[in-house]
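**Q** fold the following for me, if possible:
(one chain, ligands or ions: 1)
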Amino acid sequence: MATESSRRARLYIDGHDDAIELPVLKPSLGNDVIDIGALTTKGYFTYDPGFVSTASCDSNITYIDGDAGVLLHRGYRIEQLAEHSDFLELCYLLLHGSLPSVAQRNAFVAAVAADREVPAGVREMLRHFSPGAHPMGIMTALAGALAAEYHDGLDIANEQHRMATAQRVIAQMPSLAALTYRHGKGKPHVPPRDDLGYAENFLYTTFATDENYDINPVIAKAMDRIFMLHADHEQNASTSTVRLAGSTGTNPYSAIAAGIAALWGPSHGGANEAVLNMLREIGSPENIDKYVAKAKDRDDPFRIMGFGHRVYKSYDPRATVMQQTCHEVLDELGVDDDPTLQMAKRLEQIALEDEFFVQRRLYPNVDFYSGITLKAVGIPTEMFTVIFTTGRTPGWIAHWREMVSEPYKIGRPRQLYRGEKAREYMPIEQRS
Ligand code: CMC
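**A** The predicted structure follows:
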């Protein structure tokens, strides 16, 4: 938690005799934070569209140093976690703050496995979507349906209820994802198997036609990594959405539904889908230069999807791990000569060398490589953000739990109002 340092920021405003003194908070890592809470009593708000300079909360879960390309979960580097750990262990770490012992890990894995089955009413609801309905719209709705199913008796002031909810959403999200995929394909529900791990069960319940479905260990490891690399990213748009929604005291499944809706956008989780759509639009390697020129043209809204990041102004450490996994999967499946994947590699190379991208420090982000990997695995493009949703769920619920476990305020930003001043109502017959 941030502590107040002895330092003070002094804000001098024209027309005021005295400076406004503001406490400076000391984090364990990262930028010092000026506590501006008292400004409203002096008649001022702060203005920060896009929250580029705003710490919206204090948190102990995840730290990012965007300039150095560092991502830590509870102090552990993502590269180390990706190499030595797995998704469920990372979920435990995000929720509990420390890595589990063998007994703690076994108990957590068993608790998640016991809660995987989605309520029958939610499965029934799925049948009413058209086969072509977008999976992210379905996921948003089904998460909302979980709120309805699990509302009665849920006390968010009770830590046991909070932890049970956290385990349940982590357990059920891949089940919802698999159900959503199978609905689009017109296939019936396949229940998970007790002998399979988390990512294996995701592949099994998504793709299996019968119990003998063969799980390729390279693909299962790649799926687990994709979930891990997306697990949490501090106060990104969807997590901030979950916190803001959760700050009203709403049902946590509803807050997660709001997070899923926020994740869908192409500037956030929708980027992995947008990468493949962009590659499809580019069409063939000879068009790449034209599209790179469009991305550099200030009058053209086109951007290279999967490039750039609000926080990382250096290489995204998740992209380094994902690039390695991507190549492992392409080698394993022998699809290295796939034209779309070759185009992606060419685009990556051009953009990494082009001065426009170098100067702006625009590197490929995790979604660039996860999109390519998921395509190679055979996941349809419109399911990509659903995979991100499954991965990000522990982050969302860990942040929600962190917030509601301490005294918290409803999130209620203010604004810089630029509209009309008060004016008299005019009857319609007098208006020109
Ligand atoms: N292609 C071309 N130019 C770009 C791109 C891009 N992908 N991203 C940023 N720029 C340019 C932008 O036009 C601006 O140029 P100038 O200085 O000449 O005006 C400069 O780089 C800075 O961009 P910005 O819009 O101020 O940066 P931002 O921090 O507001 O936006 C971003 C970050 C991720 C929304 C943006 O880089 C983007 O749209 N990228 C493509 C979409 C994408 O891959 N999103 C996934 C992000 S990672 C997943 C996640 O964590 O959710």
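**Q** any idea how far S247 is from the residue of the stretch 1-150 of the chain found nearest the ligand?
**A** The stretch 1-150 of the chain approaches the ligand most closely through G50 (6.5 Å), counting by C-beta to the nearest ligand atom. Any C-beta I mention is one placed from the backbone N, CA and C, and that applies to glycine too. In this view, G50 and S247 are 20 Å apart by C-beta to C-beta, to the nearest Å.
**Q** next: D367.
**A** On the measure of C-beta to C-beta, D367 and S247 end up 28 Å apart.
**Q** what about those two, which has more around it?
**A** For D367 versus S247, the count of surrounding residues by other C-beta atoms under 10 Å is larger for D367: 31 against 18.
**Q** please see if the strand or helix carrying that one touches the ligand.
**A** According to DSSP states H and E, D367 maps onto helix 366-377. Yes - Helix 366-377 reaches the ligand (C-beta under 6 Å from any ligand atom) through D367.
**Q** and the helix or strand following that helix, what does it pack onto?
**A** The helix or strand immediately downstream of helix 366-377 is helix 384-404, counting by DSSP H and E. Applying 3 or more C-beta pairs under 8 Å, 6 or more residues apart in numbering; DSSP states H and E, one finds that helix 384-404 contacts helix 87-96, helix 135-149, helix 159-185, helix 217-229, helix 237-246, helix 252-263, helix 271-282, helix 366-377.
**Q** so of these, which one's packed in deepest?
**A** helix 366-377 (a mean of 27; mean count of other C-beta atoms under 10 Å).
**Q** next, the angle helix 217-229 makes with it.
**A** Angle of helix 366-377 versus helix 217-229, following axes from the mean of the first three to the mean of the last three C-alpha atoms, to 10 degrees, is 150 degrees.
**Q** ok, and what's touching helix 366-377?
**A** Contact with helix 366-377 is made by 219, 222-223, 226, 229-230, 269, 271-273, 275-276, 305-307, 316, 318-319, 322-323, 325-326, 329-330, 333, 335, 338, 340-341, 344, 348, 381, 383-384, 387-388, as judged by C-beta atoms under 8 Å, 6 or more residues apart in numbering.
**Q** spell out which residues make up each domain of the chain.
**A** The chain breaks down by automatic domain parsing into domains covering 3-55, 80-405.
**Q** from these, which stretch is densest packed?
**A** Per-stretch averages of neighbours, counted by mean count of other C-beta under 10 Å, single out domain 80-405 among these, with a mean of 19.
**Q** neighbouring contacts of stretch 64-79?
**A** Residues from elsewhere that reach stretch 64-79, judged by C-beta under 8 Å, 6+ apart: 29-30, 60-63, 81, 90, 93-94, 97-99, 228-229, 231-234, 309, 311-318, 320-321.
**Q** stretch 134-142 too?
**A** So stretch 134-142 is in contact with 118, 122, 125-126, 129, 176-177, 179-181, 183-184, 257, 260-261, 263-264, 270, 382-383, 385-386, 389, going by C-beta under 8 Å, 6+ apart.
**Q** R162 against R401, yeah?
**A** Yes - in this structure R162 lies within contact range of R401 using C-beta atoms under 8 Å: 5.0 Å.
**Q** just the ones of the contacts of stretch 64-79 in strands?
**A** T62, Y63 (DSSP state E).
**Q** and whichever residue of the chain sits closest to the ligand, how far from R182?
**A** Nearest residue of the chain to the ligand: G308, at 2.4 Å (C-beta to the nearest ligand atom). For G308, the distance to R182 equals 34 Å [C-beta to C-beta].
**Q** repeat that for R8.
**A** Applying C-beta to C-beta to R8 and R182 gives a distance of 59 Å.
**Q** which residues of the stretch 201-350 of the chain lie near the ligand?
**A** So the stretch 201-350 of the chain meets the ligand at 233, 236, 267-269, 271, 295, 303-310 (C-beta under 6 Å from any ligand atom).
**Q** now the two most distant members of these.
**A** For these, the maximum inter-member distance is 24.0 Å, found between H233 and A295 (C-beta to C-beta).
**Q** surely A9 is in a helix?
**A** No - counting by DSSP: H, G, I helix; E, B strand; the rest coil, A9 is not found in a helix; it is strand.
**Q** can you pull the contacts of it?
**A** E21, L22, P23, V24, I34.
**Q** same thing with D194?
**A** D194 makes contact with A113, according to C-beta under 8 Å, 6+ apart.
**Q** look up phi and psi at it.
**A** Dihedral pair for D194: phi -70, psi -20, per degrees, to the nearest 10.
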